[in-house]
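A.B. asks: fold the following and give me the result.
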Amino acid sequence: MLRITSGEFRNRRIEVPKGGKIRPMLEKPRQALFSILGQDVTEDRPVLDCFAGTGVLGFEALSRGASHATFVDIEASHVKAINDLAAHLGCSDRCTVLRSDTLKFLTPDSVLRTPDSSKMRLLFVDPPHALVKERGREFFEWFAALADASFAGDDTLVVYGHHESDESAEQVGRWRRFDRRDYGNVAISLYQRA
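C.D. replies: Okay, here's the model as predicted:
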């Protein structure tokens, strides 16, 4: 079980769905992330949770004031769990949950509708470690292309979760890394558009 660390849904529990390859970001790195970015970084802005898994990053942002969260995951059990949790928390109207292969679905031509048509404030990119190893070149080409996506703006930030042994490039396309933190065998690298 996971729990949301702050805000409207603080201490609400999130069940980790059975099946699929899932490795949710734990509490300490999530708290540190929002401490680095600022507690109100998502206030009244939409966020995108790629490779959503449990949806914990998107729900953490909603709890801290995000206007909307779009979740994308390929596993049916994950999509169901996210929809169920959104209903349980009473925030289904602030969520869009899509079942798809994230690398194929989210392209520079993708149009993601948000209630107020604003650009995403945060892109949570926390893929299964195995995916990066198996589809590394495809993954990093996709990551670079996100900078030109219609849903990314000049102030959009990418939160990239990865294994601490993996080097996070200083630049990925137009994304430039401005911070990296390691927490045991997990690391978070933060990017903004150059």
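A.B. asks: count the residues that sit near residue 192.
C.D. replies: Residues near residue 192, counting by other Cβ atoms under 10 Å, number 16. Yep, even glycine has a C-beta here, placed from its N, CA and C like the rest.
A.B. asks: extract the C-alpha set from the longest strand along the chain and format it as PDB.
C.D. replies: Ranked by residue count and defined by DSSP state E, the top strand of the chain is strand 152-163. Output in PDB follows, covering the C-alpha atoms of strand 152-163 (Å, rounded to 0.1, in the frame of the first residue of the first chain):
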ATOM      1  CA  ALA A 152       4.000  20.900 -23.600                       C
ATOM      2  CA  GLY A 153       4.600  24.600 -23.000                       C
ATOM      3  CA  ASP A 154       7.600  26.800 -22.200                       C
ATOM      4  CA  ASP A 155       7.200  26.200 -18.400                       C
ATOM      5  CA  THR A 156       6.500  22.500 -18.700                       C
ATOM      6  CA  LEU A 157       8.800  20.400 -16.500                       C
ATOM      7  CA  VAL A 158       9.600  16.700 -16.900                       C
ATOM      8  CA  VAL A 159      10.000  14.400 -13.900                       C
ATOM      9  CA  TYR A 160      12.000  11.400 -15.100                       C
ATOM     10  CA  GLY A 161      12.200   8.500 -12.700                       C
ATOM     11  CA  HIS A 162      14.900   6.000 -13.500                       C
ATOM     12  CA  HIS A 163      17.400   3.500 -11.900                       C
END
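A.B. asks: how far is the longest helix along the chain from where the chain is centred?
C.D. replies: Counting residues, the longest helix found in the chain (DSSP state H) is helix 76-89. Chain-centre distance of helix 76-89: 16 Å, with Cα atoms, centre = their mean, to the nearest Å.
A.B. asks: now do the buried residues in it.
C.D. replies: Using 16 or more other Cβ atoms under 10 Å as the test for burial, helix 76-89 gives 78-79, 81-83, 85-86, 89.
A.B. asks: before we move on, back to that, contacts made by the longest strand of the chain with the rest, please.
C.D. replies: By Cβ atoms under 8 Å, 6 or more residues apart in numbering, the list of residues contacting strand 152-163 from outside reads 25, 29, 33, 37, 41, 57, 118-127, 129, 132, 143, 146, 168, 175, 185-193.
A.B. asks: same question, stretch 122-138
C.D. replies: With contacts defined as Cβ under 8 Å, 6+ apart, stretch 122-138 is touched by 21-23, 25, 37, 41-42, 45, 47-53, 57-58, 61, 66, 102-103, 139, 143, 146, 152, 156-163, 166.
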